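> quick one, structure for this:
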Amino acid sequence: MEIEIKTGKFWVLETRDEKANTKYIFDTEKLAITKMKGLLKTIPADKIVILVVDVSAKEWKINQVPWQTIVTAMVNE
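Next comes the predicted model:
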């Protein structure tokens, strides 16, 4: 599988549940949040995180997407 990073960023959705410890990679924040919304039906919210990885500079930056951003996006869908 290959993903082209056009914006200098990609998003990683990680489940940290004992049933499902999985990572998904997305090229947009919206897609990551949409996937998260579906997973919330079976996995508790405190067991899911979305990380944004910024590879636009020599040193990569990794930050967790704030819950405020996630909830706002879910409400606006």
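
> can you pull out the low-pLDDT segments for this protein?
Across the chain, nothing is flagged by pLDDT under 70.

> which stretches of it form strands?
Remark: strands assigned in the chain by DSSP state E are 9-15, 23-26, 48-54, 61-64.

> for residue 8, see how far away the residue lying farthest from the centre of the chain is.
Residue farthest from the centre of the chain, counting by CA atoms, centre = their mean, is residue 58 at 22.0 Å. Residue 58 sits at a distance of 12 Å from residue 8 (criterion: CB to CB, to the nearest Å). In this view, the C-beta of every residue, glycine as well, is placed from N, C-alpha and C.

> shared neighbours of the two, which are they?
When contacts are counted by CB atoms under 8 Å, 6 or more residues apart in numbering, the set common to residue 58 and residue 8 is empty.

> if we can go back for a sec, could I get the strands of the chain as TSV with mean neighbour count and distance to residue 40?
Listed next are the strands of the chain as TSV, based on neighbours: other CB atoms under 10 Å; distance: least, CB to CB, whole Å:
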stretch	mean neighbour count	distance to residue 40
strand 9-15	18	10
strand 23-26	14	14
strand 48-54	17	7
strand 61-64	11	17
